[in-house]
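Trainee: any chance you could fold what I've pasted below:
(2 chains)
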Amino acid sequence: MSFAFSPENLGKIEKLRSRYPSPKALTLPLLWLVQEQEGYIPGEAFDAIAEITTWSPMDIYKSASFYTMLRFEPAGKYHIKICRSLSCTLCGQAMLYRHLREKLGIKAGETTADGRFTIERVECLGSCGTAPAMQINDIYYEELNTLKLDTILENLP
Amino acid sequence: MIRDVRIVSSRFGLANSHRLSTVLMRGAYDSLPIHLKRPPEQIVRAVDESGLRGKGGGGAPAGEKWKLMPRNSDTPSYLVVNCDESEPGTFKDREIITRDPHLLIEGMILTSYAIGANHAYIYIRGEYKSFELILRRAVDEAYEAGFLGRDIAGSGFDLDITIHRGGGAYICGEKSALLESLEGKRGHPRLKPKGKEPEWYFGAPALVNNVETIASVPYIVMNGARCYRQFGTAQSPGTLLFSLSGHIERPGIYEAEFGVSMMEYIERFGGGVKGKKKLKGVIPGGISTPILTAEEAARATLDYESLRTLGSSLGTGGMIVLSSEADMHGVLKNILGFYRHESCGQCTPCREGTSWSDQIASRMLRGEATMKDLDKLLELADTMNGKTICVFAPAVSGVILSIIDKFRDEFTERLRP
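Mentor: Numbers count the residues shown, from 1 in each chain, chains lettered A, B, ... in the order given. Below is the predicted model:
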């Protein structure tokens, strides 16, 4: 497998270059572009990023593997991230997680066989005032209960 | 009696408060034509005299940091705004960037002008993507209206703002880790310098401030230091977007001046403990601040000094309320699970200590631990304190010690002989 930035992303990269004093700073922006383009970060992308940023491919891997939101394999179409930190826990996230597990038949870290759902338990989403909360891909769903959770899942296209 | 004071949240209630067209009629960017003509030193002095303290958790005087930035240096200087809000119990910066992003941008323009920076970054946590879009739109609006870019408001001052998305790492909220991350590396905190100096971004001086700190700047610049100091206490002047979560009737963000009574704040804004249950304790400023018992909370006022006297810290002002329903085994296990996950792994006492203590807390929760385990946990807390590069591990240590110490009976009851 090989990797190449799309022409649209190459345009974005040109614009990004002028925003930083060193191409080294482009590491995270480029990793995000790869993940948005491919759904995950294939190993081949390290070379492409290294060339632009002037880091070595190993440096890119070293950075990329540090950040929990970056993935090295695809996730389901709907990546459900349910918050397990303290305020959400005090407001009942464990019940939500259990409900989700039973409903989808998978545990945290797993993807349904049809590739539709991935569940992940994450740390604080910054929704403590509207707990319990989760994200599906980048969208927030807050003040959840099992009934609301069912409705949200049923209404997904 | 708590006074209603709104310095940062004054426009939060407006419909479409995130749009330039809305806030332009309500004072946004009014400071620019006047203050971008003043000598920059005067703005630094105003912020210094206001006693503004960093609102990201540390509470260090902002003016002190600003004064470290070099004047007329050959290398460029940078402003970096810390929007990596990830401390459990804290959700205030999110409110600012979604409900009044132009206040932050105006604060960034004034701050950059004061320290002589022509490029400013906003490092925003990756999870906040949907809020980042609102912020990006505000930055675009500001460019189109001539508040960003070349020759801002006819002043001759230039500023660019770049939003930089983090990748999901709690530690990047630590300012030197944030800069490492902004340079494209792992977010590992740097060794602290011996003397006072600015932060460094690719070898150039950089000022790192929290979103709310910068959002407080327009008010101070427009109204003067003395005006800011009429709120709060002598040592903790002004206001903070305090927040309430956990076992509370009305969780949320409510701005208040420093120095108000904690319990009065909890009653007045939060409507008291959820279900009228008995209060068991309050974690005062995000989970990294030592817990207060109900008796201590009754004595606390919301300022840096009061919380320090009580052996804790004001932190981010994000209070997590615990009712009699809270199981302290569960609370401890939850918090340690967080730290185990978020330790950056650079220093051994932290990397290993958070993992071991999390395992012990699991055994304690399941009722499989003995007194030896509890002693080991306290020993680990001691080992983690003061032996690492950043304050992450010392915070873990303080949290473990406070929870075990204040609720010891609850823990010893579940120990096996």
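Trainee: so is the host helix or strand of B:Ala393 next to chain A?
Mentor: Assigned by DSSP states H and E, B:Ala393 falls within helix B:392-406. No. Against chain A, helix B:392-406 shows no contacts by CB under 8 Å from any CB of the partner chain, the least distance being 10.9 Å. For glycine as for every other residue, the C-beta is placed from the backbone atoms N, C-alpha and C.
Trainee: tell me the helices and strands packed up against that helix.
Mentor: The elements that helix B:392-406 packs onto, with contact taken as 3 or more CB pairs under 8 Å, 6 or more residues apart in numbering or on different chains; DSSP states H and E, are helix B:328-342, helix B:348-365, helix B:371-384.
Trainee: for chain A, find the nearest of these.
Mentor: For chain A, the closest of those is helix B:328-342, at 5.2 Å, according to CB to the nearest CB.
Trainee: read off the pLDDT value for B:Val47.
Mentor: On the pLDDT scale, B:Val47 is placed at 98.
Trainee: what strand or helix carries the residue lying closest to it once chain neighbours are set aside?
Mentor: Residue nearest to B:Val47 in three dimensions, not counting chain neighbours: B:Gly63, with 5.1 Å by CB to CB, 6 or more residues apart in numbering or on different chains. Here B:Gly63 sits within helix B:62-67, counting by DSSP H and E.
Trainee: likewise for B:Asn209?
Mentor: Residue-wise, B:Asn209 maps onto strand B:204-210 under DSSP H and E.
Trainee: now check that strand, is it near chain A?
Mentor: Yes. Interface with chain A: strand B:204-210 contributes B:Ala204 (CB under 8 Å from any CB).
Trainee: before we move on, back to that, of the helices and strands packed on helix B:392-406, which stretch is the most buried?
Mentor: Counting by mean count of other CB atoms under 10 Å in any protein chain shown, helix B:328-342 has the highest mean neighbour count of these, with a mean of 22.
Trainee: how about low-confidence regions in chain A?
Mentor: By pLDDT under 70, the low-scoring segments of chain A are A:1.
Trainee: run a quick neighbour tally on residue 128.
Mentor: No chain in the question, so chain A it is. Using other CB atoms under 10 Å in any protein chain shown, A:Cys128 is surrounded by 33 other residues.
Trainee: I was after chain B.
Mentor: Neighbour tally, B:Tyr128, other CB under 10 Å: 25.
Trainee: once you drop chain neighbours, what's closest to it?
Mentor: Closest to B:Tyr128 by CB to CB, 6+ apart is B:Arg94, at 6.4 Å.
Trainee: quickly find the element holding the one you found.
Mentor: helix B:92-99.
Trainee: got the CA coordinates for the helix holding B:Gly63 in CSV?
Mentor: Output of helix B:62-67 as CSV, limited to C-alpha atoms (Å, rounded to 0.1, in the frame of the first residue of the first chain):
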residue,chain,number,x,y,z
ALA,B,62,0.0,37.1,34.7
GLY,B,63,1.9,40.4,34.9
GLU,B,64,5.1,38.6,36.1
LYS,B,65,5.1,36.4,33.1
TRP,B,66,4.4,39.2,30.7
LYS,B,67,7.3,41.2,32.1
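Trainee: what helices and strands are in contact with that helix?
Mentor: Applying 3+ CB pairs under 8 Å, 6+ apart, we find helix B:62-67 packed against helix B:40-50, helix B:101-115, strand B:204-210.
Trainee: tell me which of those sits most buried.
Mentor: Taking mean count of other CB under 10 Å, helix B:101-115 is the most buried of the helices and strands packed on helix B:62-67, at a mean of 27.
Trainee: just how off-centre is it within its chain?
Mentor: In terms of CA atoms, centre = their mean, to the nearest Å, the centre of helix B:101-115 is found 18 Å from the chain centre.
Trainee: any idea of the mean pLDDT for it?
Mentor: In this model, helix B:101-115 has a mean pLDDT of 98.
Trainee: pairing partners for the very next helix or strand once past it, with directions?
Mentor: As assigned by DSSP H and E, the chain's next helix or strand after helix B:101-115 is strand B:117-124. Its sheet considered, strand B:117-124 pairs with strand B:77-83 (parallel), strand B:160-165 (parallel) by DSSP bridges.
Trainee: can I get those in a markdown table including mean pLDDT, distance to B:Leu336 and mean neighbour count?
Mentor: Formatted as a markdown table, the strands paired with strand B:117-124 follow (pLDDT from 0 to 100; distance: least, CB to CB, whole Å; neighbours: other CB atoms under 10 Å in any protein chain shown):
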| stretch | mean pLDDT | distance to B:Leu336 | mean neighbour count |
| --- | --- | --- | --- |
| strand B:77-83 | 98 | 25 | 26 |
| strand B:160-165 | 98 | 28 | 20 |
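Trainee: tell me which of those lies nearest to B:Ser245.
Mentor: Across those, B:Ser245 has its closest neighbour in strand B:77-83 (19.2 Å, CB to CB).
Trainee: hey, where'd the helices end up in chain A?
Mentor: Under the criterion DSSP state H, chain A contains helices at A:7-17, A:27-38, A:45-53, A:57-64, A:86-90, A:93-104, A:146-154.
Trainee: and the fifth one, what other elements does it pack with?
Mentor: Contacts of helix A:86-90 with other secondary structure elements, assessed using 3+ CB pairs under 8 Å, 6+ apart, are made with strand B:239-246, strand B:318-323, helix B:328-342.
Trainee: in the helix or strand hosting B:Tyr219, which residues are buried?
Mentor: Here B:Tyr219 sits within helix B:217-223, counting by DSSP H and E. Buried residues in helix B:217-223, counted by 16 or more other CB atoms under 10 Å in any protein chain shown: B:Val217, B:Pro218, B:Tyr219, B:Ile220, B:Val221, B:Met222.
Trainee: just the pLDDT for the residue in the stretch 151-300 of chain B that chain A sits nearest to.
Mentor: Here the residue of the stretch 151-300 of chain B nearest chain A is B:Gly167; by CB to the nearest CB that distance is 2.7 Å. On pLDDT, B:Gly167 comes in at 98.
Trainee: assign it to helix, strand or coil.
Mentor: Following DSSP: H, G, I helix; E, B strand; the rest coil, the label given to B:Gly167 is coil.
Trainee: surely it meets A:Ile41?
Mentor: No. Counting by CB atoms under 8 Å, B:Gly167 sits too far from A:Ile41 to count as a contact (10.7 Å).
Trainee: quick check: B:Leu191 is in a strand.
Mentor: No. Applying three-state DSSP, one finds B:Leu191 to be coil, outside a strand.
Trainee: so what's the residue nearest to B:Ala395 when sequence neighbours are not counted scoring on pLDDT?
Mentor: Leaving aside its chain neighbours, B:Ala395 sits nearest to B:Ser288 (4.0 Å; criterion: CB to CB, 6+ apart). Per-residue pLDDT puts B:Ser288 at 98.
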